[in-house]
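Chemist: Structure of the sequence below:
(one chain, ligands or ions: 1)
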Amino acid sequence: MNSPFDLNKQNQKVESKIVVALERISEAFRVLLWNESRENALSPIQIQILIFLLFHSQEKCKVSYLAQEFNMTKATVSDSVRILLKKGLIEKFDDPADTRSYIIGLTYTGKEIAEKSSNFAFAIEKPLSSLSKEQKAAMLSGLLKLIHELNRAGVITIQRMCFSCIHYQNNNEEHYCKLLQSKLATKELRVDCPEHEIL
Ligand code: SF4
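Modeler: As a prediction, this is how the structure comes out:
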């Protein structure tokens, strides 16, 4: 038996304990998001789409991009988009770059729900403030490496983080952004950067 959930193995291996801890945290996200969805009579993915539209630039607000972002099929995302349109929470615009595609934007009501719902993860952010600066930097660095490896292995798709960016340089373990022309301390590494360009 080689599972991280096998208690005999888990209790002797720190990697297995981290995997199980991450599973608990993903469960917390699931519960918090589910509560937020229920309050608004929407599904979790519909809430995630509204929040994504609120904080990302127009060229990313398309069905194909959303499908990659949330690791879902275009058909599943299209279903959610159809419901959000029907509820008057989003609207469609022509895509000047592609006549077969369209851009999605929030309506006034959609923006209000997205703004309120985007606070759903505060319960997870709050306890992190009690960690020391060093603990937070170590946690961020470890999580970024894990996300990067999962992306390289094809487990998760789109990433807009420094480690997968054309502008990122690692000079003897010092992080550097060629676009910002600046060194980046570990705490300044970005998970979702608007200037990110894929390697
Ligand atoms: S452009 Fe953004 S993602 Fe890319 S290296 Fe600079 S800060 Fe990181």
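
Chemist: Now stretch 93-109: buried residues?
Modeler: Buried residues in stretch 93-109, defined by neighbour count with 16 or more other Cβ atoms under 10 Å: 95, 102, 103, 104, 106. Placement of C-beta: from N, CA and C, glycine included.

Chemist: got a list of what the last one touches?
Modeler: By that I understand residue 106. 50, 53, 54, 89, 90, 91, 114 (Cβ atoms under 8 Å, 6 or more residues apart in numbering).

Chemist: List the buried residues for the strand or helix carrying the second one?
Modeler: Using DSSP states H and E, the element containing residue 53 is helix 44-55. By 16+ other Cβ under 10 Å, the buried positions in helix 44-55 come out as 44, 45, 46, 47, 48, 49, 50, 51, 52, 53, 54.

Chemist: Report all helices and strands that it contacts.
Modeler: If you count contacts as 3 or more Cβ pairs under 8 Å, 6 or more residues apart in numbering; DSSP states H and E, helix 44-55 packs onto helix 14-39, helix 63-69, helix 74-86, strand 90-94, strand 102-106, helix 108-117.

Chemist: one step back: out of the buried residues of helix 44-55, which comes closest to the ligand?
Modeler: Comparing these against the ligand with Cβ to the nearest ligand atom picks out residue 52 as the nearest, at 17.7 Å.

Chemist: Is it correct that the closest one is in contact with residue 69?
Modeler: Yes. The pair residue 52 / residue 69 is scored as a contact, 6.5 Å apart, by Cβ atoms under 8 Å.

Chemist: By pLDDT, rank the buried residues of stretch 93-109 and give me the bottom one.
Modeler: On pLDDT alone, residue 95 ranks lowest of those, at 86.

Chemist: Would you confirm that residue 2 contacts residue 10?
Modeler: No. Using Cβ under 8 Å, residue 2 and residue 10 do not qualify as a contacting pair, with a distance of 11.0 Å.

Chemist: With neighbour numbers in mind, choose between these two.
Modeler: Between residue 2 and residue 10, residue 10 has the larger neighbour count (other Cβ atoms under 10 Å), namely 16 against 6.

Chemist: related to what we said a few turns ago, mind putting the contacts of residue 106 into TSV with distance to residue 123?
Modeler: Listed next are the contacts of residue 106 as TSV, based on distance: Cβ to Cβ, whole Å:
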residue	distance to residue 123
50	19
53	23
54	19
89	24
90	27
91	31
114	18
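
Chemist: before we move on, the earlier item: quick one: the helix holding residue 53 to chain centroid distance?
Modeler: With Cα atoms, centre = their mean, to the nearest Å as the basis, helix 44-55 stands 11 Å off its chain's centre.

Chemist: Please apply the same query to stretch 10-29.
Modeler: 19 Å.

Chemist: can you pull the buried residues of that stretch?
Modeler: Buried, per 16+ other Cβ under 10 Å, within stretch 10-29: 10, 16.

Chemist: average model confidence for that stretch?
Modeler: Taken as a whole, stretch 10-29 has a mean pLDDT of 94.
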